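*Asks:* sequence plus the predicted model coming up.
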There are 2 protein chains.
Amino acid sequence: MKQKFRSNCPISSALDLIGDKWSLLIIRDMMFSGKKTYSEFSNSNEKIATNILSNRLSMLEELEIINKGKLEGNKKTNIYSLTQKGKELLPIIMEIAQWSDNNLNDHLQDGAKPFVSKFKSDKEEFVQNMYTLFEKREG
Amino acid sequence: MKQKFRSNCPISSALDLIGDKWSLLIIRDMMFSGKKTYSEFSNSNEKIATNILSNRLSMLEELEIINKGKLEGNKKTNIYSLTQKGKELLPIIMEIAQWSDNNLNDHLQDGAKPFVSKFKSDKEEFVQNMYTLFEKREG
DNA sequence: GATTTTTACTTGCATTATGAAAGTTATTAC
DNA sequence: GTAATAACTTTCATAATGCAAGTAAAAATC
């Protein structure tokens, strides 16, 4: 784990870890689409290159943002899941979504509006509901 | 403005604009250190290269996240300021700070703790107080 | 008013990261 | 046994970043 932090600023340090163009999109897909395998991530709307995907999955695992596991009876498919550290990225992602919803209206479609709306009206509740959903998925 | 968005997802789109390792640090310095000139940004703890700084300032200006102006009687120094769109990045930055505060304890010093604490205990109030501070700076 | 310093950059080049496409290996399905 | 799937790795082109030095205009100093 060659963590070359630029400083000990919490913002700078977080960006050193997850401040690239792909990491948060993988987390997004895990959170909102329930994706958990390599091929599911590979089919994202944004067409991540497979070498980058592979690299990001191992980085996120090394950072303990995600876990890598298997299902019993299947030696082939890797199942990725969010750790607590990973789940706690939700508020960041939602604030990003809200910012875009407020400020990128020229570009964005209205598809995400109801979703972001719920977050806006009660952030605490939204986040708690999502955390409950994460637990439900884990069974 | 060659905006090559990877998709119309609000999260992906925001990352297309500000999802690099430097943009949010410039914004951070404007918000929390009141920095407003090229040379002030240049002296950040993280040692941004001058060509990157120059590039990011013009990109952020093009995106209408910051404004570029002058003070009367000074033809030399450029004064950069946050637009509304830029100020609204505060909640994202604070959630990032909170995440680091919660999850990067091995790395971070305790300097930022009281600051993040205030955000944790009442986010709404913290954000409003900062917005008031921004206005005060603008005079 | 000439010289130095400051401010805000730009340029050139090395290094690193990303992107696209094809290839590889192990596992599972047929 | 053969084909398809899942999860990668490799190669190579392109783009982004980092470093060092240089430039030009304005301001401060002598």
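*Replies:* It's in. These numbers come from a predicted model, not from an experiment. Numbers count the residues shown, from 1 in each chain, chains lettered A, B, ... in the order given.
*Asks:* I figured A:Leu53 was touching A:Ser39, is that so?
*Replies:* No. In this structure, A:Leu53 is not within contact of A:Ser39 by Cβ atoms under 8 Å, at 9.8 Å. For every residue, glycine as well, the C-beta is placed using N, CA and C.
*Asks:* of those two, who's got more company?
*Replies:* Legend: neighbour count by other Cβ atoms under 10 Å in any protein chain shown for A:Leu53 and A:Ser39, higher for A:Leu53 (17 against 11).
*Asks:* in the helix or strand in which the more buried one is found, what's buried?
*Replies:* Using DSSP states H and E, A:Leu53 sits within helix A:50-62. Neighbour counts over helix A:50-62 (16 or more other Cβ atoms under 10 Å in any protein chain shown) mark A:Leu53, A:Arg56, A:Leu57, A:Met59, A:Leu60 as buried.
*Asks:* give the buried residues for the helix or strand following it.
*Replies:* Next helix or strand after helix A:50-62 toward the C-terminus (DSSP H and E): strand A:66-70. Judged by neighbour count (16+ other Cβ under 10 Å), strand A:66-70 contains these buried residues: A:Ile66.
*Asks:* in its sheet, what does strand A:66-70 sit against?
*Replies:* Strand pairing for strand A:66-70, determined by DSSP bridges: strand A:78-82 (antiparallel).
*Asks:* after the partner strand, next one along is what?
*Replies:* Heading C-terminal from strand A:78-82, the first helix or strand you meet, by DSSP H and E, is helix A:84-87.
*Asks:* which residues touch the residue nearest in space to the middle of chain A?
*Replies:* Central residue of chain A (Cα atoms, centre = their mean): A:Ile27, 1.5 Å from the mean position. Contacts of A:Ile27 were listed using Cβ atoms under 8 Å, 6 or more residues apart in numbering or on different chains, and they are A:Ile18, A:Leu60, A:Ile65, A:Ile66, A:Leu82, A:Gly86, A:Leu89, A:Ile93.
*Asks:* quick one, which of these are buried?
*Replies:* Buried by 16+ other Cβ under 10 Å: A:Ile18, A:Leu60, A:Ile65, A:Ile66, A:Leu82, A:Gly86, A:Leu89, A:Ile93, out of the contacts of A:Ile27.
*Asks:* low-confidence ranges in chain A?
*Replies:* For chain A, the stretches with pLDDT under 70 are A:1-3, A:111.
*Asks:* gap between the residue sitting furthest away from the middle of it and A:Thr37?
*Replies:* Note on chain A: the largest separation between a C-alpha and the mean C-alpha position, by Cα atoms, centre = their mean, falls on A:Gly73 (27.4 Å). Distance, A:Gly73 to A:Thr37, using Cβ to Cβ, to the nearest Å: 15 Å.
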